[in-house]
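Trainee: Dropping a prediction and its sequence here:
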Amino acid sequence: MSDRLFSNSLLMLERSMNFQWTKLSAINENIVNAETPNYKAKYVTFEEEFDSRLRAAANRERPRSALRSAISASAPQVHVASNESMRMDDNGVNVAEQEVEAVRAAYQMQYVMDSINGYFSNLRSVIRGQ
């Protein structure tokens with residue numbers, strides 16, 4: 001029953017929030033280790049895998065259930081930028097760039113949270129019959 005209550009849209013929003021949280025965690029770790037010699041910056045990817053899973057699911061025999069499975073199976077991937085060095089001590093963190101990315105991720109998280117709140121607000125209105 002609860003699967004029918006929560007749409008693919010809400011599941012996509014949940015996965016997006018998970019991506020943003022993982023991205024912010026990686027950025028925070030990068031900033032904390034900005035003075036650590038030989039530390040390589042981490043970055044998170046999600047959109048490319050998510051898009052390819054959705055496209056593959058849309059071409060299956062039962063696209064609706066395949067889409068839900070594709071959304072559920074999508075997860076952010078944390079990578080290490082092994083070939084980038086910013087300083088003589090082989091540290092790969094550009095703090096200014098990381099701070100900009102942190103602000104961007106925070107705004108994106110706020111947008112996703114607003115969308116989730118809107119979804120539940122609409123659901124509440126439907127339940128109340130308004």
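Mentor: The structure has been received and is ready for your questions.
Trainee: So Pro63 is in contact with Ala57, correct?
Mentor: Yes. Pro63 is within contact range of Ala57, at 6.2 Å (criterion: Cβ atoms under 8 Å). To be clear about C-beta, it is placed using only N, CA and C from the backbone, and glycine gets the same treatment.
Trainee: who's more crowded, the two?
Mentor: A count of neighbours by other Cβ atoms under 10 Å puts Ala57 above the other of Pro63 and Ala57, at 19 against 13.
Trainee: Could you grab the helix/strand/coil label for that one?
Mentor: Following DSSP: H, G, I helix; E, B strand; the rest coil, Ala57 is assigned to helix.
Trainee: residues touching the nearest residue to Tyr39 once chain neighbours are set aside, list them.
Mentor: Closest residue to Tyr39 apart from its sequence neighbours, by Cβ to Cβ, 6 or more residues apart in numbering: Asn33 at 4.3 Å. Neighbouring residues of Asn33 by Cβ atoms under 8 Å, 6 or more residues apart in numbering: 39, 91, 93.
Trainee: repeat for Ala56
Mentor: Contacts of Ala56 by Cβ under 8 Å, 6+ apart are 66, 70.
Trainee: quick one on the thing from earlier: just name the lowest-scoring one in the contacts of Asn33, pLDDT-wise.
Mentor: Across the set of those, Asn91 stands lowest in pLDDT, at 85.
Trainee: can you confirm that residue is in a strand?
Mentor: No. Asn91 is assigned coil when assessed by three-state DSSP, not a strand.
Trainee: Tell me which residues touch it, please.
Mentor: 33-39, 85.
Trainee: so what's the backbone phi/psi at it?
Mentor: The phi and psi values for Asn91, taken as degrees, to the nearest 10, are phi -80, psi 140.
Trainee: gap between it and Leu11?
Mentor: 38 Å (Cβ to Cβ, to the nearest Å).
Trainee: ditto for Val126
Mentor: 18 Å.
Trainee: More neighbours: which of those two?
Mentor: Ranked by neighbour count (other Cβ under 10 Å), Val126 and Leu11 place Leu11 first, with 16 against 9.
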